[in-house]
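**Q** whatever this is, show me its structure:
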Amino acid sequence: MEAIDKKDWEIFQANPSDKLSVEEVKLIAQLHAKYYKHPYHVPCSCNPKTVIKWIDELNTVYNS
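**A** Numbering: from 1, shown residues only. This is a model prediction of the structure:
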């Protein structure tokens, strides 16, 4: 993960919450699209499973 993305991810991880802001979801979608090489799109908020999965996958990239 690039340094600027790591900094953004650290800021995101430093603020745990039960709910994600629109900006946080956009960050997750942008980073996931970049590191998993797919077109950017924001997943539907009606089912949080995709966002949770993406967070777990981005944590793996961050920790690599």
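
**Q** CA atoms for contacts and neighbours, from now on please.
**A** OK.

**Q** do a quick rundown of the helices in the protein.
**A** 3-13, 22-35, 49-63 (DSSP state H).

**Q** just name whatever secondary elements the last one is in contact with.
**A** Right, helix 49-63. Using 3 or more CA pairs under 8 Å, 6 or more residues apart in numbering; DSSP states H and E, the elements in contact with helix 49-63 are helix 22-35.

**Q** tell me which of the helices of the chain sits most buried.
**A** The highest mean neighbour count among these, using mean count of other CA atoms under 10 Å, belongs to helix 22-35: a mean of 16.

**Q** can you list the neighbours in contact with it?
**A** 1, 5, 12, 38-43, 51, 54-55, 58, 61 (CA atoms under 8 Å, 6 or more residues apart in numbering).

**Q** with stretch 44-60 instead?
**A** Under the contact criterion CA under 8 Å, 6+ apart, stretch 44-60 has outside partners Val25, Ile28, Ala29, Leu31, His32, Pro43.

**Q** having no further points to raise, I will conclude here.
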